[in-house]
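Participant: structure of the sequence below:
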Amino acid sequence: MQAIYCRRNNLGSLALRTALWSSWSHCGIVTPELTVIEASAFHGVVERPWADFIADVSRYALKPLWVPDEAAAIAFARAQVGKRYDWPGVIGIALRRDWQERDSWFCSELIEAAAVAGGRQRFVNNAWRVTPQHSWMVL
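Facilitator: Numbering: from 1, shown residues only. Take a look at the predicted model:
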């Protein structure tokens, strides 16, 4: 599975990077068909063409994320399309909300849940938050 980590030249991206001590404010899953599945603040979980995703970012990096069953990981992520953005989770970064609740998603929560669905759990069960920076730092 391939993950993409990015930032934008806007106030929201700067605020997130500053609050999270992160180089990245957003992330998504790159599919074999060259689409990106992401949890977007204003649209919830969406899948869109690579070119559309890249047009919105000022800097990005691709990172391979090994999972035993990539097809299961991608299928899980696609099954989340249409779910809402996890605004309580963003606020919960400071309030210890469980990032594994499946009713809504923050971008890095979606990546890590897809990894679990693909057979690889990169964080301990009691991890209370997963930010783009946390996801980026794990091998």
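Participant: if you rank every helix and strand of this structure by mean pLDDT, what lands last?
Facilitator: helix 87-92 (a mean of 65; mean pLDDT, DSSP states H and E).
Participant: for I29, grab phi and psi.
Facilitator: In terms of degrees, to the nearest 10, the main-chain angles of I29 are phi -110, psi 120.
Participant: what about it, distance to L14?
Facilitator: With distances taken as C-beta to C-beta, to the nearest Å, I29 is found 24 Å from L14. (C-beta placed from N, C-alpha, C; glycine too.)
Participant: equivalent analysis for G28, please.
Facilitator: G28 is 19 Å from L14, by C-beta to C-beta.
Participant: tell me where this protein is predicted with low confidence.
Facilitator: 89-102, 125-128 (pLDDT under 70).
Participant: now do the contacts for F42.
Facilitator: Residues counted as contacts of F42 (C-beta atoms under 8 Å, 6 or more residues apart in numbering) are Y85.
Participant: quick check: beta-bridge partners of S40?
Facilitator: S40 has these beta-bridge partners by DSSP bridges: G44.
Participant: is it true that it touches R84?
Facilitator: No. The pair S40 / R84 is not scored as a contact, 10.3 Å apart, by C-beta atoms under 8 Å.
Participant: those two - which one has more neighbours?
Facilitator: Higher neighbour count among S40 and R84: S40, with 16 against 12, using other C-beta atoms under 10 Å.
Participant: ok, now which ones touch the more buried one?
Facilitator: By C-beta under 8 Å, 6+ apart, the contact list for S40 reads V46, Y85, C107.
Participant: which of these fall in helices?
Facilitator: Within the contacts of S40, residues falling in helices by DSSP state H are C107.
Participant: send the alpha carbons of stretch 34-50 over as CSV?
Facilitator: The C-alpha coordinates for stretch 34-50 follow below in CSV (Å, rounded to 0.1, in the frame of the first residue of the first chain):
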residue,chain,number,x,y,z
LEU,A,34,-3.9,6.1,-9.2
THR,A,35,-6.7,7.6,-7.1
VAL,A,36,-6.3,8.9,-3.5
ILE,A,37,-8.7,7.9,-0.7
GLU,A,38,-8.7,10.5,1.9
ALA,A,39,-10.7,11.9,4.8
SER,A,40,-11.3,15.5,3.8
ALA,A,41,-12.4,18.1,6.3
PHE,A,42,-15.2,19.5,4.2
HIS,A,43,-16.2,16.4,2.2
GLY,A,44,-15.7,13.4,4.5
VAL,A,45,-14.1,10.3,3.1
VAL,A,46,-13.7,10.6,-0.7
GLU,A,47,-11.8,8.9,-3.5
ARG,A,48,-10.5,11.2,-6.2
PRO,A,49,-8.1,11.1,-9.1
TRP,A,50,-4.4,11.5,-8.3
